[in-house]
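A.B. asks: Next one to model:
(one chain, ligands or ions: 1)
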Amino acid sequence: MLLSSKIISNFTLTLLHDEILNTGIKITTLSHRGEYSAFSRHNPPTRKVYTLKSRDAIVENKGAKFKFHTKDVIKKWKKEFVKADLSEPKLSIENIIASILQTRQISDIYKKKNSFLSREQIKKVIKMCRMRLESMPIQYVIREWDFRNLTLEMRPPVFIPRPETEQLVDLVLTELNTNPIEEVLELCCGSGAISIALLKENPDITVIAVDKSEEACSLTRDNAKRYGIDSRINIIQMDINEISPEYFDKKFDVIVSNPPYVPSGDMLHLQPEILGYEDRDALDGGSDGLVLIKLILQKSSYLLRPGGKTFLEVDPSHPQLLDRLLEENNRLRLSIGGVHKDIFERDRFVIIKKML
Ligand SMILES: C[S@@+](CC[C@H](N)C(=O)[O-])C[C@H]1O[C@@H](n2cnc3c(N)ncnc32)[C@H](O)[C@@H]1O
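C.D. replies: You can find the predicted model right below:
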């Protein structure tokens, strides 16, 4: 049965159009009888009339006839992303192609820049590029991201681990090397990035990871399985608010957390990628960004052993405020044990110590 142009959906037409652009073929007409003619930009140009029987049939016809190079696909989509004013246009398409070619090394895709992508691969590229054009973060588009030496699964709306948090892991690992312990408590585990990195890099510990979000806990579980360390992690879905002094039948030497700490007023200035897709509860730390941090301090005061430490990632405005806050609340018996800078020389990591 022939399809008339009326019953071909916009989606189908766009798909065709994109695929055709990618193959160097341009649609010139689309008749009411469901025919379109196309000519190739290749030398010598050829012109052919296709009959639209179904969407699959079109793709079938075309895919069998036209090939396209990896480098051309990169060029075309980089241009589209620039036009759409997306951040990191080149890196976006490079990551998409890398994902299609099942590598995390961007350099690998340039080794294959003159290879042809298959019809199936091109369909996947188009689908992913469309998602990116909707401002979806590239990490959600390709469904994974790197953290230290791990490649973790990513699923919206779970918070995407940021590179600076790798430094927080360094601080905890240094502490574990200096003062070996058996168990670490992570509050606000998200995708599990911190816990899994600690477990991978220190085979002697176990971790309790807490997050209130079901999606986050499920992703932490899947990522732990991915690295075969699921027997050493206890994932608990709960709100930190609910952790009573008796909740754990033990105290901890090390607590680590990258909590939501963005002051609410700064939320509006975040990129559309973040605002549109990442869980707001993973970011918004209330008017001064300190709501969750204060809660973690309160919990640390009874969850830490004397001499134990809580390692926190914070906003650069926080270390000074925290110093004052702990002085004013000396009943918590906590003090600042150290402030560390990120690679941009901003105060981003605070170590809180429980007094002896
Ligand atoms: C900034 S993300 C950190 C995720 C991960 N640790 C990382 O560094 O990539 C903060 C996490 O805190 C969780 N969260 C926010 N409020 C919470 C609460 N009251 N209790 C437990 N988890 C909470 C969110 O669900 C989110 O996963």
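A.B. asks: all helices in this protein, in order from the N-terminus.
C.D. replies: Applying DSSP state H to the chain gives helices spanning 10-23, 55-65, 70-83, 89-100, 106-111, 119-133, 138-142, 165-178, 193-201, 214-226, 264-267, 272-277, 291-303, 318-328.
A.B. asks: Now do the last one against helix 291-303, angle only.
C.D. replies: What it means is helix 318-328. For helix 318-328 against helix 291-303, the angle by axes from the mean of the first three to the mean of the last three CA atoms, to 10 degrees is 50 degrees.
A.B. asks: With the longest one instead?
C.D. replies: Direction vectors for helix 119-133 and helix 291-303, defined by the same axes, to 10 degrees, enclose an angle of 100 degrees.
A.B. asks: Determine the set of other helices and strands touching helix 119-133.
C.D. replies: Helix 119-133 sits against helix 10-23, helix 55-65, helix 70-83, helix 89-100, helix 138-142, with contacts defined as 3 or more CB pairs under 8 Å, 6 or more residues apart in numbering; DSSP states H and E. Backbone N, C-alpha and C define where each C-beta goes, glycine included.
A.B. asks: how big is the angle separating that helix from helix 70-83?
C.D. replies: Angle between the axes of helix 119-133 and helix 70-83 is 20 degrees (criterion: the same axes, to 10 degrees).
A.B. asks: Pull out the buried residues from helix 119-133.
C.D. replies: Using 16 or more other CB atoms under 10 Å as the test for burial, helix 119-133 gives Arg119, Gln121, Ile122, Lys123, Val125, Ile126, Met128, Cys129, Arg130, Met131, Arg132, Leu133.
A.B. asks: do the same with the fourth one
C.D. replies: Within helix 89-100, the residues that qualify as buried are Pro89, Ser92, Ile93, Glu94, Asn95, Ile96, Ile97, Ala98, Ser99, Ile100, counting by 16+ other CB under 10 Å.
A.B. asks: what's the closest of those residues to the ligand?
C.D. replies: Comparing the buried residues of helix 89-100 against the ligand with CB to the nearest ligand atom picks out Asn95 as the nearest, at 18.5 Å.
A.B. asks: Contact partners for that closest one?
C.D. replies: Applying CB atoms under 8 Å, 6 or more residues apart in numbering, one finds that Asn95 lies in contact with Ile106, Ile138, Val141, Ile142.
A.B. asks: right, and Arg333 touches Ile352 too?
C.D. replies: No: the criterion here is CB atoms under 8 Å, and Arg333 misses it with Ile352 at 10.7 Å.
A.B. asks: So if I had to pick from those two, which one is more boxed in?
C.D. replies: It is Ile352, of Arg333 and Ile352, that has more neighbours when counted by other CB atoms under 10 Å, with 24 against 16.
A.B. asks: what pairs with the more buried one across the strands?
C.D. replies: Beta bridges link Ile352 to Thr310, Ile336, judged by DSSP bridges.
A.B. asks: didn't it look like it was pressed against Gly337?
C.D. replies: Yes: the pair Ile352 and Gly337 qualifies as a contact (CB under 8 Å) at a distance of 6.4 Å.
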